[in-house]
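# Based on what follows, work out the 3D shape:
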Amino acid sequence: MDGKTIGFLIWCVFGSMFLGLAAYAWFSKKPVRFWANAEVFQVTDVKKYNHALSKLFGLFGIILIVLGIPLLPGQNSVWILFSVAGAMVESIISMAVYSLIIERKYKIEK
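Presented below is the predicted three-dimensional model:
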């Protein structure tokens with residue numbers, strides 16, 4: 001196996017970790033955390049909240065794996081910039097979707 005294939009497989013492992021997190025969130029009975037080291041707010045409907053997060057994590061993982069495809073021609077390819085920039089943009093969009101849509105929809109207002 002050459003370096004470009006190994007690089008793509010490592011990229012896919014990280015995408016698969018998000019797919020695993022999506023499966024965990026889908027079946028979890030307690031509200032799943034989005035932010036590290038932050039308490040989960042009071043949720044109106046835990047099952048729907050977890051399903052929304054599961055969809056977000058699953059989509060993130062799939063897109064992350066797809067963004068790794070430019071690694072296959074080689075790591076010295078110009079297309080690797082697409083992977084790196086795409087992962088950054090994807091992360092920012094995921095945070096915005098969580099904060100602006102999911103959190104506002106399922107947070108119990110005091």
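# What strand or helix carries residue 38?
Residue 38 is part of no helix or strand, with elements assigned from DSSP states H and E.
# okay, now it: neighbour count?
Burial of residue 38, expressed as a neighbour count using other C-beta atoms under 10 Å, amounts to 8. Bear in mind the C-beta positions are built from the backbone N, C-alpha and C, glycine included.
# Model confidence for it, exactly?
On pLDDT, residue 38 comes in at 81.
# Identify the residue spatially nearest to residue 45, adjacent ones excluded.
Nearest-residue entry for residue 45: residue 106, 6.5 Å, with adjacent residues in sequence omitted and distances by C-beta to C-beta, 6 or more residues apart in numbering.
# so the one you found sits right up against residue 47, yeah?
No - in this structure residue 106 lies outside contact range of residue 47 using C-beta atoms under 8 Å: 10.4 Å.
# Could you measure from the residue nearest to residue 42 when sequence neighbours are not counted over to residue 24?
Distances taken as C-beta to C-beta, 6+ apart place residue 108 nearest to residue 42, at 4.0 Å, with adjacent residues excluded. Separation of residue 108 from residue 24 (C-beta to C-beta, to the nearest Å): 23 Å.
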